[in-house]
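Trainee: A predicted structure for the sequence below; I have some questions about it.
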Amino acid sequence: MTQIIVLPHVELCPEGAVIEATPGTTICDALLENDIDIDHACEKSCACTTCHVVIREGYGSLDPAEEEEDDLLDKAWGLEPTSRLSCQATVKEVPLVVEIPKYTINMAKEGGGKHK
């Protein structure tokens, strides 16, 4: 199991949290499995930015973002160099420190999402 430290978030986990995730699990699924109800408006299909997180430690252990994720991240609120969509970032063996931004932008609902 890999440790994920979730920094305090006013609504989702005011005290912060330390959770365990099975390598191969996405950060989003690990958060949801541990009762941290991060938004995932597109049902984890890489079509919005509501599950945006900032990786404060362990970023280098993650596989690089695909082009589709990078394109969406460009539209995320509070984008930082270590931002990822938690539905696309898969936990490895290296512990992570994750911050959930204060705000999200729902690209699927607010007109910036990918349409088929």
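Mentor: Received the coordinates, thanks. Numbers count the residues shown, from 1 in each chain.
Trainee: for this protein, which segments count as strands?
Mentor: With DSSP state E, the ranges of strands along the chain come out as 2-6, 17-21, 52-57, 83-85, 96-99.
Trainee: deepest in the core, which of the ones you listed is it.
Mentor: strand 83-85 (a mean of 26; mean count of other CB atoms under 10 Å). C-beta: built from backbone N, CA, C; applies to glycine.
Trainee: related to what we said a few turns ago, and the strands of the chain: which comes nearest residue 67?
Mentor: Closest of the strands of the chain to residue 67 is strand 83-85, at 12.5 Å (criterion: CB to CB).
Trainee: so where is this structure shaky, pLDDT-wise?
Mentor: For the chain, the stretches with pLDDT under 70 are 107-116.
Trainee: what's the closest of the strands of the chain to residue 105?
Mentor: Closest to residue 105 of the strands of the chain, according to CB to CB: strand 52-57, at 8.3 Å.
Trainee: now that closest one, how far from the centre of its chain.
Mentor: From the chain centre to the centre of strand 52-57 is a distance of 7 Å (CA atoms, centre = their mean, to the nearest Å).
Trainee: okay, the angle between that strand and strand 2-6?
Mentor: Angle of strand 52-57 versus strand 2-6, following axes from the mean of the first three to the mean of the last three CA atoms, to 10 degrees, is 110 degrees.
Trainee: report the contact partners of the residue minimising distance to the centre of the chain.
Mentor: Closest residue to the average C-alpha location of the chain: residue 86 at 2.3 Å, with CA atoms, centre = their mean. The contact partners of residue 86, taken as CB atoms under 8 Å, 6 or more residues apart in numbering, are 26, 27, 28, 31, 38, 40, 51, 52, 53, 98.
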